[in-house]
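Colleague: build me a model from this:
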Amino acid sequence: MSSARPDSRVLIAGQERALNQTLADLLAAYHPIVRPNDHAAVLDEMRQHSALRVVILCDSEGDFRTLDLLQKVKENRADIAVLVISAHPTLEHATEAIRRGAEDFVPVPYSAELVLKEVARVLEAAELRDRVERLDRLVAKRYGFERVISRSGAMNAVMDRAQAAARSDTPVLVLGETGTGKELIARAIHANSRRAKRPFMPVNCAALPRDLVESELFGHRRGAFSGAFSEHAGLFVAAHGGSLFLDEIGELALEVQAKLLRVLQDGDVRPVGGLDSRRVDVRIIAASNQTLVAMRNARMRQDLFFRLSVLVIEIPPLRERREDLPLLVAHFLSAIRERGVHSVTGIEPAAFELLASYPFPGNIRELENLLEGISVTLPADQHEIRAADVRAWLRRRGEAGDDQMSDASHVPLRLGDLEAWAITEALRRAHGNKSLAAQMLGISRDTLYRKLHDLNLPTEVSDSRTS
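Modeller: Next up, the predicted model:
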């Protein structure tokens with residue numbers, strides 16, 4: 001018996017030593033493992049060598065015991081291709097071998113060239129399959145749920161709903177302020193769904209020219225309008241089998257919304273200027289920076305709104321998940337180092353306190369830009385972001401003056417208290433007006449009431465300064 005190497009990809013199993021050795025010599029380039037045609041020995045080798053991709057079963061008896069082993073091999077490792085080389089070939093034997101999963105059935109005497117070509121073909125296909133699986137894993141890692149950096153309870157709820165969305169084809173509506181990561185969540189849903197190997201097509205509805213939006217989404221026929229010199233399939237056809245991410249869905253014109261609703265209901269797309277429809281299989285993930293209440297009351301078709309809002313995911317703004325700030329800062333500084341922008345290694349406590357007191361209207365995207373913007377301007381020998389760097393960056397952007405930054409002394413330094421402080425401060429400034437306070441905080445009135453209850457805060461706040 002030949003000694004196994006870690007990279008052995010071929011296993012030869014047979015009772016006749018001469019036949020085994022001839023095949024081993026023929027396939028020497030693949031460092032084959034040679035074992036008796038014994039069920040336990042073959043299955044044990046398969047468990048020990050994950051690199052195996054081909055098992056050659058040499059059938060010298062002409063009975064069905066070899067086919068039983070073939071079946072066990074396929075049951076244990078569906079990724080392994082099995083070739084049966086039979087000294088007593090019959091039509092019945094060959095048919096049964098193929099039915100049980102054999103890649104090919106080769107009679108003895110066999111053609112050495114045929115066996116070499118068959119093994120090379122199987123290994124080439126296996127290599128391609130392995131490469132695709134590696135790429136799938138990389139895509140899942142790049143766009144998977146693990147990319148969402150959070151430890152807050154609010155984001156845990158978001159992730160639970162997003163993972164539930166990945167298990168179905170239901171339309172999803174993702175809501176959140178600008179910069180909260182709506183597309184990141186949408187990509188994670190797609191990457192973890194059955195559609196992961198098909199296209200993910202993102203489109204910003206607000207950026208589509210109003211006179212071309214139908215053409216971009218649904219396609220057009222040649223001559224449908226001035227400048228339509230050729231046919232255009234459109235994004236729905238391009239996303240067939242995958243997901244179409246419609247960001248800022250509320251910006252679509254009413255007539256386009258009506259056509260979108262028809263596609264959702266019927267699965268048929270009719271291009272501009274065309275009479276025939278085309279069947280498409282597309283999962284819609286829509287997004288908006290408006291609240292659910294605002295969308296319902298906005299200039300949007302109610303039937304489309306209800307069709308899209310079967311599964312709603314509301315991403316909280318950064319100011320409502322302050323406990324995530326240390327994780328996000330560490331992540332972005334690491335990414336900045338990896339990109340070679342600057343070898344910044346950390347942030348001093350006073351600088352972090354300023355970040356913790358800043359409302360971040362641009363949310364996570366603004367935090368990332370802020371950290372990179374500061375890092376770019378740091379001296380080469382400075383490896384820590386300081387409070388003065390944060391103040392200077394905010395001042396240059398016109399986001400805060402010295403008077404605003406001095407208010408940081410009133411902000412709790414414990415991240416867990418920041419949310420309660422922000423709500424209490426908003427109610428104080430709004431003189432107890434819940435609607436105005438919710439508007440200041442960028443949340444709905446319902447969300448404000450829920451947070452007052454969850455945080456056990458008084459619903460009536462005095463007008464004296466909370467320190």
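Colleague: now the residue nearest the centre of the chain: how far from residue 199?
Modeller: In the chain, the C-alpha nearest the mean C-alpha coordinate belongs to residue 188, at 2.6 Å (C-alpha atoms, centre = their mean). Between residue 188 and residue 199 the computed distance is 16 Å (C-beta to C-beta, to the nearest Å). Bear in mind the C-beta positions are built from the backbone N, C-alpha and C, glycine included.
Colleague: hang on, the earlier thing: secondary structure element holding the residue nearest to the centre of the chain?
Modeller: Secondary structure assignment for residue 188, by DSSP states H and E: helix 182-191.
Colleague: so for the next helix-or-strand element following that helix, what gets flagged as buried?
Modeller: The first helix or strand that comes after helix 182-191 along the chain, using DSSP H and E, is strand 200-204. Buried residues in strand 200-204, counted by 16 or more other C-beta atoms under 10 Å: 200-203.
Colleague: tell me the angle of the helix holding residue 188 relative to strand 200-204?
Modeller: Angle, helix 182-191 to strand 200-204, by axes from the mean of the first three to the mean of the last three C-alpha atoms, to 10 degrees: 160 degrees.
Colleague: what's in contact with helix 182-191?
Modeller: The set of residues external to helix 182-191 that reach it, using C-beta atoms under 8 Å, 6 or more residues apart in numbering, is 139-140, 142-145, 147-148, 158, 162, 165-166, 172, 174-176, 196, 200, 202, 242-243, 245, 247, 283, 285, 287, 289, 313, 315.
Colleague: tell me how far it is from the chain's mean position?
Modeller: Counting by C-alpha atoms, centre = their mean, to the nearest Å, helix 182-191 is centred 5 Å from the centre of its parent chain.
Colleague: mind listing what's buried along stretch 443-459?
Modeller: 443-444, 447-448, 451-452.
Colleague: among these, which are in helices?
Modeller: 447-448, 451-452 (DSSP state H).
Colleague: among these, pick out the one closest to residue 439, please.
Modeller: Distance to residue 439, by C-beta to C-beta, is smallest for residue 448 among those, at 9.6 Å.
Colleague: setting aside sequence neighbours, what's the nearest residue to the closest one?
Modeller: residue 438 (4.3 Å; C-beta to C-beta, 6 or more residues apart in numbering).
Colleague: for the helix or strand hosting that neighbour, packing partners?
Modeller: Assigned by DSSP H and E, residue 438 belongs to helix 434-441. For helix 434-441, the contact count by 3 or more C-beta pairs under 8 Å, 6 or more residues apart in numbering; DSSP states H and E identifies helix 415-429, helix 445-454 as packing neighbours.
Colleague: lowest average pLDDT across those?
Modeller: Lowest mean pLDDT of these: helix 415-429, a mean of 72.
Colleague: next, the buried residues of it.
Modeller: Using 16+ other C-beta under 10 Å as the test for burial, helix 415-429 gives 415, 418-428.
Colleague: isn't residue 56 up against residue 23?
Modeller: Yes - Residue 56 is within contact range of residue 23, at 6.3 Å (criterion: C-beta atoms under 8 Å).
Colleague: overlap in contacts, these two.
Modeller: 12, 14, 85.
Colleague: which one of those residues is nearest to residue 123?
Modeller: Among the shared contacts of residue 56 and residue 23, and counting by C-beta to C-beta, the member closest to residue 123 is residue 12, at 14.2 Å.
Colleague: helix, strand, or coil at the closest one?
Modeller: strand (DSSP: H, G, I helix; E, B strand; the rest coil).
Colleague: give me the pLDDT for it.
Modeller: Listed pLDDT for residue 12 reads 89.
Colleague: in this structure it contacts residue 22, no?
Modeller: No - taking C-beta under 8 Å as the definition, residue 12 is not a contact partner of residue 22, at 9.7 Å.
Colleague: show me which of the two is the more surrounded one.
Modeller: Here residue 12 and residue 22 are set side by side on neighbour count (other C-beta atoms under 10 Å), and the busier one is residue 12, at 28 against 16.
Colleague: give me the low-pLDDT residue ranges for the stretch 251-400 of the chain?
Modeller: Scanning the stretch 251-400 of the chain with the threshold set as pLDDT under 70 gives 397-400.
Colleague: the strands in it, which residues?
Modeller: 268-269, 278-279, 283-288, 311-314, 346-347, 384-385 (DSSP state E, counting those that start in this stretch).
Colleague: most packed of these?
Modeller: Here the criterion is mean neighbour count by mean count of other C-beta atoms under 10 Å, and of the strands of the stretch 251-400 of the chain the winner is strand 283-288, at a mean of 25.
Colleague: what helices or strands is that one leaning on?
Modeller: Here strand 283-288 touches strand 172-175, helix 182-191, strand 243-247, going by 3+ C-beta pairs under 8 Å, 6+ apart.
Colleague: for residue 61, find the nearest of those.
Modeller: Among the helices and strands packed on strand 283-288, helix 182-191 comes nearest to residue 61, with 49.5 Å by C-beta to C-beta.
Colleague: run the angle between that closest one and strand 283-288 for me.
Modeller: 170 degrees.
Colleague: ok, and what's touching the helix holding residue 438?
Modeller: Against helix 434-441 from outside (C-beta under 8 Å, 6+ apart): 319-320, 422-423, 426-427, 429-430, 444-445, 447-449, 459.
Colleague: max pairwise distance over those residues: which two?
Modeller: 319 and 459 (20.4 Å).
Colleague: if I look at the residue nearest to the centre of the chain, how far off is residue 306?
Modeller: For residue 188, the distance to residue 306 (C-beta to C-beta) stands at 25 Å.
Colleague: now residue 363
Modeller: Separation of residue 363 from residue 306 (C-beta to C-beta): 28 Å.
Colleague: please apply the same query to residue 215.
Modeller: Computed as C-beta to C-beta, the residue 215 to residue 306 distance reads 27 Å.
Colleague: those two - which one has more neighbours?
Modeller: When residue 215 and residue 306 are compared for neighbours, residue 215 comes out ahead with 22 against 10, by other C-beta under 10 Å.
Colleague: not counting its neighbours along the chain, what's nearest the more buried one?
Modeller: The shortest distance from residue 215 to any non-neighbouring residue, by C-beta to C-beta, 6+ apart, is to residue 272 (5.3 Å).
Colleague: residue 115: neighbouring residues, count only.
Modeller: 19.
Colleague: oops, could you answer that again for residue 95 instead?
Modeller: Neighbour tally, residue 95, other C-beta under 10 Å: 11.
Colleague: could I get the buried residue list for the helix or strand containing it?
Modeller: In this assignment (DSSP H and E), residue 95 forms part of helix 91-99. For helix 91-99, burial by neighbour count (16+ other C-beta under 10 Å) applies to 93-94, 96-97.
Colleague: among those residues, which one sits closest to residue 43?
Modeller: Taking C-beta to C-beta as the measure, residue 43 lies nearest residue 97 of these, at 18.3 Å.
Colleague: next up, the contacts around the closest one.
Modeller: Per C-beta under 8 Å, 6+ apart, neighbours of residue 97: 67, 70, 84, 86, 105.
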